[in-house]
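> I need the structure of the sequence given here:
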Amino acid sequence: RMETDCKPMELSNNTGFEEDSDYRDFEGTDVKDMRLEAEAVVNDVLFAVSNMFVSKSLPCAEDVAYINVETRERNRYCLELTEAGLRVVAYDFDQTDDRLQTPYHETVYSLLDSLSPAYREVFGNALLQRLEALKKDSQS
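Just a heads-up that it's a prediction; the model follows:
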């Protein structure tokens, strides 16, 4: 049986998954779209939070994956990733609370922006640094 846990580096350049994706060519594999999408989400914003990883104890499927995130304020969340977007499903790692009726966010940036002022600051500073670097490149 093939190992299905993805190492973060394998996905660093894959943010979109087309229908004819190479991952679908493996017969008998459990690698699913949402798990890959979740890994890409984590890789995208890990620098701006304290901790973030795809849940290994909650079930991943083709249409859903769960991501644990700890903000720089030390608040923990479990996020659900589906076609509808991302939403908070619990206020701790590897949990879901059916009573929580939190809104879906189209992007991880929007969700984290609403949860964590420190994320907003770190992400904004990183953006400014990239813009400064681009400005310097264009002037040289």
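> in the chain, which spans are strands?
Along the chain, counting by DSSP state E, strands occupy 51-54, 65-70, 76-82, 85-90.
> which ones are touching the most centrally placed residue in the chain?
Geometric centre of the chain, nearest residue: Val41, 2.5 Å, by CA atoms, centre = their mean. Applying CB atoms under 8 Å, 6 or more residues apart in numbering to Val41 gives the contacts Ile67, Leu81, Leu86, Val108. Every C-beta, even on glycine, is put in place using the N, C-alpha and C of the backbone.
> Neighbours of Ser50, how many?
16 (other CB atoms under 10 Å).
> what mean pLDDT does stretch 129-140 have?
Stretch 129-140 comes out with an average pLDDT of 93.
> Same check on stretch 33-43?
94.
> Same check on stretch 77-91?
pLDDT averaged over stretch 77-91 gives 97.
> First-to-last residue distance for it?
Its start and end residues considered, stretch 77-91 measures 4 Å (CA to CA, to the nearest Å).
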